[in-house]
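*Asks:* Predicted model and sequence below, questions to follow.
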Amino acid sequence: MSTRDAISQKTPLASTSLVSPAGAGGVVEVEKTRKASVFKGPDGTLLELPADWSLLPPGDPALTRRVKAAGLCWSLSERRGRKVFSQGLLAPTARIERLKRELEVERANPAYQKKLDAGRERRRAEEADYARDFAGEVRGFLAFSKTFEAEEKALARRVADHATPVGSGTVARTERIPIEERAEAAVIAWLRHQTTTYDDMTIPRVKGLRREVRRMLADRSRKVLAAHRVAAGHPATGCALCTALAAPAPAASPTKATKTAELTGRLDTLVATRMARSPAATNAATPRTGAPSANPVEPPARGAAARPLPAPAPTSVPAPRVRRWTDS
């Protein structure tokens with residue numbers, strides 16, 4: 001039976017005292033259903049939201065971590081196509097409000113800001129160390145000959161600068177594969193975009209075709225790298241890699257956070273512009289004084305009866321549709 005049929009037929013829902021395998025606490029992954037107060041558990045069980053629970057929207061990682069650590073809660077997600085988006089955390093309202101007040105008091109303390117600054121400096125140092133380590137792994141994968149040692153250093157630096165920033169969304173940021181495989185994949189990706197016409201290709205939307213094109217270009221890139229692992233030199237003008245390294249380094253691509261801030265600023269500007277051009281804003285900004293209208297309404301003379309205003313022109317308004325319900 002599907003979730004929709006179970007909800008429509010009012011199938012008895014599972015008890016709200018669901019606990020995770022860890023015991024009395026933990027996080028249970030749930031998904032939305034067609035009913036606002038009913039959610040689908042990881043095993044397909046329908047769970048009814050307790051009356052004293054509420055949603056904590058995403059956006060405050062510190063508060064989210066504390067709510068998760070304080071006891072049982074549900075992690076709400078929504079599936080759109082093949083992607084899953086987090087919608088926040090479902091937890092007891094009293095717990096959310098209590099931890100929110102505690103966090104507000106803690107954040108008001110100047111020592112908390114110093115702690116945040118220290119954490120940012122620590123993460124910045126860790127990211128710098130990771131960028132250096134990643135560049136070293138890239139050089140280890142390249143293993144160019146002494147003839148192309150300068151090209152090896154330049155390529156490793158460009159690949160690391162492009163792939164290691166937080167929020168770049170590149171393969172260098174994943175932890176699912178070893179760093180050696182990350183370095184190789186990052187080099188192949190950089191060569192695909194910088195030494196081939198991949199970005200200008202029009203690839204039909206056929207299943208597996210794009211993957212096949214990327215595999216073909218990866219084989220070409222490996223042949224280019226192999227040509228730099230031998231001692232014999234070659235003209236830079238005929239080498240796609242040497243030509244790409246001779247060109248100025250492209251500007252750093254914006255991270256996801258930068259893109260989000262830029263789009264938010266554009267949206268705010270667009271909303272402000274449209275509101276300024278709206279009829280309500282125009283009427284409010286237009287002064288009452290000025291040239292008379294084309295058909296002014298003259299006031300009645302003193303002692304004369306007031307003339308009624310002309311009736312508005314009839315407008316064609318469609319009659320409302322009435323749906324008649326029967327018991328049949």
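*Replies:* Looks like it came in fine. Residues are numbered from 1 along each chain as shown.
*Asks:* So G233 is in contact with K146, correct?
*Replies:* No: in this structure G233 lies outside contact range of K146 using Cβ atoms under 8 Å: 10.5 Å. In short, each C-beta sits where N, CA and C put it, glycine included.
*Asks:* The two: which is more packed in?
*Replies:* G233 (12 against 8; other Cβ atoms under 10 Å).
*Asks:* what is the residue nearest to A91 when sequence neighbours are not counted paired to in the beta sheet?
*Replies:* What sits nearest to A91 in space, not counting adjacent residues and going by Cβ to Cβ, 6 or more residues apart in numbering, is C73, at 3.9 Å. Beta bridges link C73 to V27 when assigned by DSSP bridges.
*Asks:* OK, contacts around C73?
*Replies:* Listed by Cβ atoms under 8 Å, 6 or more residues apart in numbering, the contact set of C73 reads V27, V28, V67, L89, L90, A91.
*Asks:* can you tell me how far it sits from P110?
*Replies:* 31 Å (Cβ to Cβ, to the nearest Å).
*Asks:* Need the contacts of C73 in CSV (columns: pLDDT and distance to K153).
*Replies:* Formatted as CSV, the contacts of C73 follow (pLDDT from 0 to 100; distance: Cβ to Cβ, whole Å):
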residue, pLDDT, distance to K153
V27, 90, 45
V28, 91, 50
V67, 95, 47
L89, 94, 46
L90, 94, 51
A91, 94, 51
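*Asks:* For those residues, which two are the farthest from each other?
*Replies:* V28 and V67 (13.2 Å; Cβ to Cβ).
*Asks:* got a winner among the contacts of C73 for most neighbours?
*Replies:* Neighbour counts for the contacts of C73 peak at A91, which has 25 neighbours (criterion: other Cβ under 10 Å).
*Asks:* and that residue, what does it touch?
*Replies:* If you count contacts by Cβ under 8 Å, 6+ apart, then A91 has W53, S54, L56, V67, A70, G71, L72, C73, W74 around it.
*Asks:* at 7 Å instead, please
*Replies:* W53, L56, V67, C73 (Cβ atoms under 7 Å, 6 or more residues apart in numbering).
*Asks:* just to revisit the earlier point, turn the contacts of C73 into a markdown table, including distance to T170.
*Replies:* Formatted as a markdown table, the contacts of C73 follow (distance: Cβ to Cβ, whole Å):
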| residue | distance to T170 |
| --- | --- |
| V27 | 28 |
| V28 | 32 |
| V67 | 31 |
| L89 | 29 |
| L90 | 33 |
| A91 | 34 |
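*Asks:* and of the residues you listed, the nearest to T202?
*Replies:* Out of the contacts of C73, the member with the shortest distance to T202 (by Cβ to Cβ) is L89, at 43.3 Å.
*Asks:* Run a quick neighbour tally on the nearest residue to the closest one once chain neighbours are set aside.
*Replies:* Of all residues not flanking L89 in the chain, L56 sits nearest, at 4.4 Å (Cβ to Cβ, 6+ apart). Per other Cβ under 10 Å, the neighbour tally for L56 reads 22.
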